[in-house]
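Participant: show me the folded form of this:
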Amino acid sequence: MKNVKFLFKFKNKLERIVVEGFNKELSFMRALSTTFESIVQSRDSAFAIAIATYIDGKLQSLKKNSDILKLERAFEDTMLVFRSLKGKATFETIYERMLMTRLMLNTSQVESEKKMLTKLQHACGSDYTANLQKIIDDYEMSQNINAEFNCSQAPSSDFSFTVVTVSQQAWSFPTSSNLLLPEEIRDYHRRYEEFFKRCNRGKSLRWAHPLSVCRIEAHLPRGGIEIIANVLQTLVLMLFNSYEKQNWAYDEIAAATNIDEKNLKRTLWTLSCDMGKSLLLKDTPDPNFIDAADIFTYNTKLLIQDSLDLYSRFVRYDTDREIPLQETKARHASSRSYQVDAAIIRVMKSKTKASYHELNDAVTERLVHINPDDLERMFLNLKTRI
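Facilitator: Purely as a prediction, here's the structure:
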């Protein structure tokens with residue numbers, strides 16, 4: 001993120017030199033623009049992740065009206081780099097995951113999210129932002145559904161229960177089914193499922209536990225704190241809520257929670273191996289790697305002031321390593337293929353006959369957010385299907 005901020009400042013400094021020192025000399029302005037674009041495209045994916053992370057932090061830090069101007073400047077800075085990205089699919093993939101996290105944690109304002117979405121739409125068109133828009137629409141609609149459900153239920157003094165009901169079409173769902181949940185939560189699940197089926201005939205529910213948010217009041221030996229975690233992390237932490245058993249083996253945790261292997265390793269990593277972070281658990285023998293032979297204990301040396309956000313660690317498990325979120329990217333690629341096919345049909349209806357280069361230029365003009373290399377590959381794929 002520091003590199004992104006430096007890039008913004010450096011480009012603004014060079015622009016001032018060209019404007020004030022060379023009276024906006026056109027050749028200098030073009031050279032500056034070309035060089036900036038070349039720098040961004042030399043590490044395309046890294047910059048895509050960096051600006052998605054940058055704007056994520058800005059959207060979450062908005063606390064008062066005076067920050068709106070700062071946020072607007074952050075939007076413009078982000079779009080400056082975004083427009084120079086050769087392939088914008090990586091940014092979309094990372095930004096989509098971060099958008100879902102912000103909405104689930106309620107750490108940003110929906111109106112600010114819509115403003116950023118508008119800027120992306122102006123740059124790339126409505127096809128590019130269609131899924132992001134659907135995510136926000138789903139979230140807003142779910143607030144009404146949840147309010148109706150709460151009105152139909154007697155309030156609980158033990159804990160509050162909120163459901164965000166969204167479409168699988170827009171939201172990428174990490175799966176982890178048949179968890180061994182506490183009876184109180186299972187009871188709420190059953191009640192909400194009955195309510196949902198009464199209101200939505202023909203539709204079914206699928207619980208996305210890795211996306212669920214739990215706010216836990218934890219009373220630790222060194223003080224009380226609030227822990228923000230997902231259901232998987234919460235199930236693991238609850239095992240350490242007893243003095244009778246303080247050491248848990250990997251296989252014992254798996255049996256007690258019924259979390260699948262992939263999600264269990266990911267969960268335990270966020271609790272015991274995320275270097276440089278406050279860790280609730282200690283992993284023995286290797287604190288840098290999760291293995292089936294490991295033993296986990298509570299970290300008695302943990303020092304935390306007020307709160308601990310474990311949820312974001314889980315969501316960004318892949319992003320921190322700059323590993324593409326393959327399932328989401330594959331879904332986007334499939335969507336892009338349909339967009340290219342539709343664009344070709346529209347162009348050919350208007351032209352009837354066109355050379356490959358004319359067709360390529362016309363489609364590129366309509367779909368500015370698609371990488372030219374990917375577009376060429378889609379053209380070849382379409383040719384084989386004809």
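Participant: do you know how far residue 224 is from residue 307?
Facilitator: Applying Cβ to Cβ, to the nearest Å, the value for residue 224 to residue 307 is 10 Å. Placement of C-beta: from N, CA and C, glycine included.
Participant: pretty sure residue 132 contacts residue 95?
Facilitator: Yes - taking contacts as Cβ atoms under 8 Å, residue 132 lies within contact range of residue 95: 7.3 Å.
Participant: quick one, which of those two is more surrounded?
Facilitator: Taking other Cβ atoms under 10 Å, residue 132 and residue 95 do not tie; residue 95 has more neighbours (24 against 21).
Participant: keeping just the C-alphas, turn stretch 110-130 into PDB.
Facilitator: Extracted C-alpha coordinates of stretch 110-130, given in PDB (Å, rounded to 0.1, in the frame of the first residue of the first chain):
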ATOM      1  CA  VAL A 110     -23.300   1.500   1.200                       C
ATOM      2  CA  GLU A 111     -23.600   5.000  -0.400                       C
ATOM      3  CA  SER A 112     -19.800   5.200  -0.600                       C
ATOM      4  CA  GLU A 113     -19.600   1.700  -2.100                       C
ATOM      5  CA  LYS A 114     -22.100   2.800  -4.800                       C
ATOM      6  CA  LYS A 115     -19.900   5.900  -5.600                       C
ATOM      7  CA  MET A 116     -16.900   3.700  -6.200                       C
ATOM      8  CA  LEU A 117     -19.000   1.300  -8.300                       C
ATOM      9  CA  THR A 118     -20.200   4.300 -10.400                       C
ATOM     10  CA  LYS A 119     -16.600   5.200 -11.200                       C
ATOM     11  CA  LEU A 120     -15.700   1.700 -12.200                       C
ATOM     12  CA  GLN A 121     -18.800   1.600 -14.400                       C
ATOM     13  CA  HIS A 122     -17.900   4.800 -16.100                       C
ATOM     14  CA  ALA A 123     -14.400   3.400 -16.800                       C
ATOM     15  CA  CYS A 124     -15.400  -0.100 -18.000                       C
ATOM     16  CA  GLY A 125     -19.200  -0.200 -18.600                       C
ATOM     17  CA  SER A 126     -22.100  -1.800 -16.800                       C
ATOM     18  CA  ASP A 127     -21.000  -5.400 -17.900                       C
ATOM     19  CA  TYR A 128     -17.900  -5.100 -15.800                       C
ATOM     20  CA  THR A 129     -19.700  -3.900 -12.600                       C
ATOM     21  CA  ALA A 130     -22.900  -6.100 -13.000                       C
END
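Participant: relative to the whole chain's centre, how far out is that stretch?
Facilitator: In terms of Cα atoms, centre = their mean, to the nearest Å, the centre of stretch 110-130 is set 16 Å apart from its chain centre.
Participant: so which bits of that stretch are buried?
Facilitator: Neighbour-count burial for stretch 110-130, counted by 16 or more other Cβ atoms under 10 Å, picks out 112, 113, 116, 117, 119, 120, 121, 124, 127, 128, 129.
Participant: got these as TSV, with pLDDT columns?
Facilitator: Shown next, in TSV, are the buried residues of stretch 110-130 (pLDDT from 0 to 100):
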residue	pLDDT
112	93
113	95
116	95
117	95
119	94
120	94
121	92
124	86
127	83
128	87
129	91
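Participant: residue 143: which of those residues is nearest?
Facilitator: Nearest to residue 143 among the buried residues of stretch 110-130, counting by Cβ to Cβ, is residue 113 at 13.9 Å.
Participant: wait, what's in contact with the closest one?
Facilitator: Residue 113 sits next to 59, 99, 102, 103, 136 when contact means Cβ atoms under 8 Å, 6 or more residues apart in numbering.
Participant: isn't residue 4 right next to residue 81, touching?
Facilitator: Yes - using Cβ under 8 Å, residue 4 is in contact with residue 81, at 7.0 Å.
Participant: anything in contact with each of these two?
Facilitator: 47, 50, 51.
Participant: turn those into TSV, columns for secondary structure.
Facilitator: Formatted as TSV, those follow (DSSP: H, G, I helix; E, B strand; the rest coil):
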residue	secondary structure
47	helix
50	helix
51	helix
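Participant: ok, and the most crowded of the residues you listed?
Facilitator: For those, neighbours were counted using other Cβ under 10 Å, and residue 51 has the most, 26 neighbours in all.
Participant: now do it against residue 297, distance only.
Facilitator: Relative to residue 297, residue 51 is positioned 40 Å away (Cβ to Cβ).
Participant: returning to that earlier point: more neighbours: which of residue 4 and residue 81?
Facilitator: Neighbour count, other Cβ under 10 Å: between residue 4 and residue 81, residue 81 has more, with 22 against 19.
Participant: hang on, the more buried one in a strand?
Facilitator: No - with three-state DSSP as the criterion, residue 81 is located in helix rather than a strand.
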